[in-house]
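**Student:** just a sequence and a predicted model for now, questions to come.
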Amino acid sequence: MSFFLKKVQFAKKLSYCEVSLLFIIHLKDRCLLSKKSYRSWTEIQKEHKDFLTSLGPLTPDEMIEYLKIEYGTTPPFKKSEILDFLHSDAEILATGSECSSNRQV
């Protein structure tokens, strides 16, 4: 199955036509999930003075999978929060605290 076809099926499954692309942005004291369109990490760094790193753009499905792999049972954003965020007018979703990976390197 082609990558494009998977994206179309995913969009139908979530019941919206356009699949938003997401960025996870790690700051010194919290994580952000963003629907904004960035050309590079340097744009994100200019917008957020306490920027550490970022990942994206990812489809919602890819973001949920990344969070599951990286954070296990304690992701900074739950699947339901991501889906609610996608249907909202907000561009940024923030955690209340620092987000640290549980993964052992």
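**Tutor:** Thanks, I have the structure now.

**Student:** count residues in the vicinity of G56, would you?
**Tutor:** By other C-beta atoms under 10 Å, 20 other residues sit near G56. Just so you know, the C-beta spots here come from the backbone N, C-alpha and C atoms, and that holds for glycine as well.

**Student:** repeat for the one 5 residues further on
**Tutor:** With neighbours defined by other C-beta under 10 Å, the count for D61 comes to 17.

**Student:** confirm that it sits in a helix.
**Tutor:** Yes - read with DSSP: H, G, I helix; E, B strand; the rest coil, D61 is one of the residues of a helix.

**Student:** roughly how far apart are it and G72?
**Tutor:** From D61 across to G72, the span is 18 Å (C-beta to C-beta, to the nearest Å).

**Student:** tell me how many other residues crowd P75.
**Tutor:** Neighbours around P75, by other C-beta under 10 Å: 22.

**Student:** same thing with Y38?
**Tutor:** Residues near Y38, counting by other C-beta under 10 Å: 18.

**Student:** grab the nearest non-local neighbour of it.
**Tutor:** The shortest distance from Y38 to any non-neighbouring residue, by C-beta to C-beta, 6 or more residues apart in numbering, is to I44 (5.4 Å).

**Student:** next, find the distance separating that neighbour from L67.
**Tutor:** Taken as C-beta to C-beta, the span from I44 to L67 is 18 Å.

**Student:** now the longest strand anywhere in the chain - C-alpha only, PDB.
**Tutor:** Counting by DSSP state E, the longest strand found in the chain is strand 51-58. C-alpha atoms of strand 51-58 as PDB (Å, rounded to 0.1, in the frame of the first residue of the first chain):
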ATOM      1  CA  PHE A  51      14.200  25.900  22.600                       C
ATOM      2  CA  LEU A  52      16.100  22.700  23.000                       C
ATOM      3  CA  THR A  53      15.000  20.500  20.100                       C
ATOM      4  CA  SER A  54      12.100  19.600  17.900                       C
ATOM      5  CA  LEU A  55      10.700  16.800  15.700                       C
ATOM      6  CA  GLY A  56       8.400  17.200  12.700                       C
ATOM      7  CA  PRO A  57       6.500  17.600  10.700                       C
ATOM      8  CA  LEU A  58       4.700  14.400  11.400                       C
END
